[in-house]
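Colleague: this one's structure only:
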């Protein structure tokens, strides 16, 4: 019995004249994700990508697991493919549906007749298949409202596709279809969740992280590198910029009022991110900030940080509370790494009494107490870059 995977489009099904470009990008992303899962053939029609294993070593179940994390997919169905003959489908459905209907108490049939030349209407297909299921599984009953299992048959131009499980896809837009942005990645819960949300909107998400040895440990850096690897499950390949930040933080400590330490630090981080945006073609900066979560994320503090940005700053978590953000982190598999007890550079110089409502003119005056521009250029020059590739070993570039 031939089996394949049907991938249904998400939002891109609604695109107009540019739809093909989105389809091409989605299919390209799928091929990269399935590269290590075996040899597959691909065919597109009617807002669906058909993925067929080409040999016995190609693992369909592992392919489905990988596809669940590919943005741009609305739904995934593992299907048995039959000739467009209802009697053949009925003769084999008991064998194919055995696992799906094992232990189920109720089912319903959904039929879709995309090929309008097929002699039976959708209601007629549903009636005949329903009778066949009841014959094959006498202990199950029909429930059209809340069934345990929905059996689907799609009659398309090139065959009849039978399935019993539709898996909800990751949704969103194909990664790369909206450009690329630079995520300010800390070691906490929030920033990986922010990166996930913007990748879901089609952005290539690369990461920038700031280290301050000896105040931050090698374990803290390893933790963030692990977060990068975990994020590739959804974001695909990630470029990781590791910025030496010790001298800048010591200068802030030695020359700026303590109450402005955090907001000045955030501004200088943004200024460094600006340099890489300009150098490497990023169109925006992403942060994991949530309004009023901490002193540096009040409306006034965010305004001071924004004033340092030369590119749009995306804050997808801005209206979420910690429980909502934690739920995302658990979903994408970064939570356990994020809570490892290794401090990042944002916490080692935290002031005892930060100014929660800083005025920009006061922050600029405090920042002018030292020549930070030359220090920023030095930090940019000493930054190391690593590429984290989905499913592959890490490659050091510089």
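Modeller: Structure's in. What do you need? Since this is a predicted model, take the numbers as computed values, not measurements.
Colleague: where in this protein is pLDDT low?
Modeller: Residue ranges of the chain with pLDDT under 70: 344-349, 392-398.
Colleague: Just give me the longest strand of it.
Modeller: Longest strand in the chain, counting residues (DSSP state E): strand 73-82.
Colleague: Identify all contacting residues around that strand.
Modeller: The contact list for strand 73-82, computed with C-beta atoms under 8 Å, 6 or more residues apart in numbering, reads 1-11, 13, 26, 30, 60, 64, 67-68, 88-89, 92, 96, 152, 154, 159-163, 165-171. Every C-beta, even on glycine, is put in place using the N, C-alpha and C of the backbone.
Colleague: longest helix of the protein?
Modeller: In the chain, assigned by DSSP state H, the helix with the most residues is helix 261-280.
Colleague: residues of that helix that come out buried?
Modeller: Within helix 261-280, the residues scored as buried using 16 or more other C-beta atoms under 10 Å are 261-277.
Colleague: Name the next helix or strand downstream of it, please.
Modeller: Toward the C-terminus, helix 261-280 is succeeded by strand 285-286 as the next helix or strand (DSSP states H and E).
Colleague: Name every strand pairing with that following strand and say which way it goes.
Modeller: Next to strand 285-286 in the sheet, as set by DSSP bridges, lie strand 180-184 (parallel), strand 313-314 (parallel).
Colleague: can you list contacts of it?
Modeller: Strand 285-286 is contacted from outside by 181-184, 191, 194-195, 198, 203, 205, 270, 273-274, 277, 309, 311-316, using C-beta under 8 Å, 6+ apart.
Colleague: where do the strands sit along the stretch 1-150 of the chain?
Modeller: All strands of the stretch 1-150 of the chain, identified by DSSP state E, counting those that start in this stretch, fall at 3-9, 40-45, 48-53, 73-82, 106-113, 141-142, 149-156.
Colleague: possible to save these as JSON lines with mean neighbour count and distance to residue 321?
Modeller: Below are these laid out as JSON lines (neighbours: other C-beta atoms under 10 Å; distance: least, C-beta to C-beta, whole Å):
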{"stretch": "strand 3-9", "mean neighbour count": "20", "distance to residue 321": "32"}
{"stretch": "strand 40-45", "mean neighbour count": "14", "distance to residue 321": "41"}
{"stretch": "strand 48-53", "mean neighbour count": "20", "distance to residue 321": "37"}
{"stretch": "strand 73-82", "mean neighbour count": "20", "distance to residue 321": "28"}
{"stretch": "strand 106-113", "mean neighbour count": "19", "distance to residue 321": "38"}
{"stretch": "strand 141-142", "mean neighbour count": "12", "distance to residue 321": "43"}
{"stretch": "strand 149-156", "mean neighbour count": "21", "distance to residue 321": "35"}
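Colleague: do you know which of these lies nearest residue 17?
Modeller: strand 3-9 (15.8 Å; C-beta to C-beta).
Colleague: Look at residue 350 and say how many residues are nearby.
Modeller: A count of neighbours around residue 350, defined by other C-beta atoms under 10 Å, yields 15.
Colleague: Quickly note the distance from the nearest residue to it once chain neighbours are set aside to residue 305.
Modeller: Spatial nearest neighbour of residue 350, chain neighbours left out: residue 262 (6.6 Å); criterion: C-beta to C-beta, 6 or more residues apart in numbering. Separation of residue 262 from residue 305 (C-beta to C-beta, to the nearest Å) stands at 10 Å.
Colleague: again, but for residue 206
Modeller: Residue 206 sits at a distance of 20 Å from residue 305 (criterion: C-beta to C-beta).
Colleague: that older thread, now do the longest strand of the chain and strand 149-156, the angle between them.
Modeller: Interaxial angle, strand 73-82 versus strand 149-156 (axes from the mean of the first three to the mean of the last three C-alpha atoms, to 10 degrees): 80 degrees.
Colleague: just the angle between strand 73-82 and strand 48-53, please?
Modeller: Going by the same axes, to 10 degrees, strand 73-82 makes 60 degrees with strand 48-53.
Colleague: Distance from strand 73-82 to the middle of the chain?
Modeller: 21 Å (C-alpha atoms, centre = their mean, to the nearest Å).
Colleague: Who does that strand pair with, and is each partner parallel or antiparallel?
Modeller: By DSSP bridges, strand 73-82 pairs with strand 3-9 (antiparallel), strand 159-163 (antiparallel), strand 166-168 (antiparallel).
Colleague: Could you dump the ones you listed into CSV and include distance to residue 17?
Modeller: As requested, those are exported to CSV (distance: least, C-beta to C-beta, whole Å):
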stretch, distance to residue 17
strand 3-9, 16
strand 159-163, 29
strand 166-168, 28
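Colleague: Can you verify my assumption that the residue nearest to residue 350 contacts residue 297?
Modeller: No: counting by C-beta atoms under 8 Å, residue 262 stays clear of residue 297, with 9.8 Å between them.
Colleague: Give me the buried entries from the contacts of strand 73-82.
Modeller: For the contacts of strand 73-82, buried by 16+ other C-beta under 10 Å: 4-11, 26, 30, 60, 64, 67, 89, 96, 152, 154, 159-163, 166, 169-170.
Colleague: With adjacent residues omitted, what lies nearest to residue 137?
Modeller: residue 101 (5.4 Å).
Colleague: Hmm, I typed the wrong one, I wanted residue 31.
Modeller: Nearest to residue 31 is residue 42, by C-beta to C-beta, 6+ apart, at 7.1 Å.
Colleague: distance between stretch 277-288 and the chain's centre?
Modeller: With C-alpha atoms, centre = their mean, you get 18 Å for stretch 277-288.
Colleague: and the end-to-end length of it?
Modeller: 18 Å (C-alpha to C-alpha, to the nearest Å).
Colleague: and what of stretch 138-146?
Modeller: End-to-end for stretch 138-146, by C-alpha to C-alpha: 19 Å.
Colleague: Same check on stretch 280-296?
Modeller: Distance between the two ends of stretch 280-296: 28 Å, counting by C-alpha to C-alpha.
Colleague: Enumerate the positions of that stretch that are buried.
Modeller: In stretch 280-296, counting by 16+ other C-beta under 10 Å, buried: 282, 284, 285, 286, 287, 288, 289, 290, 293, 295, 296.
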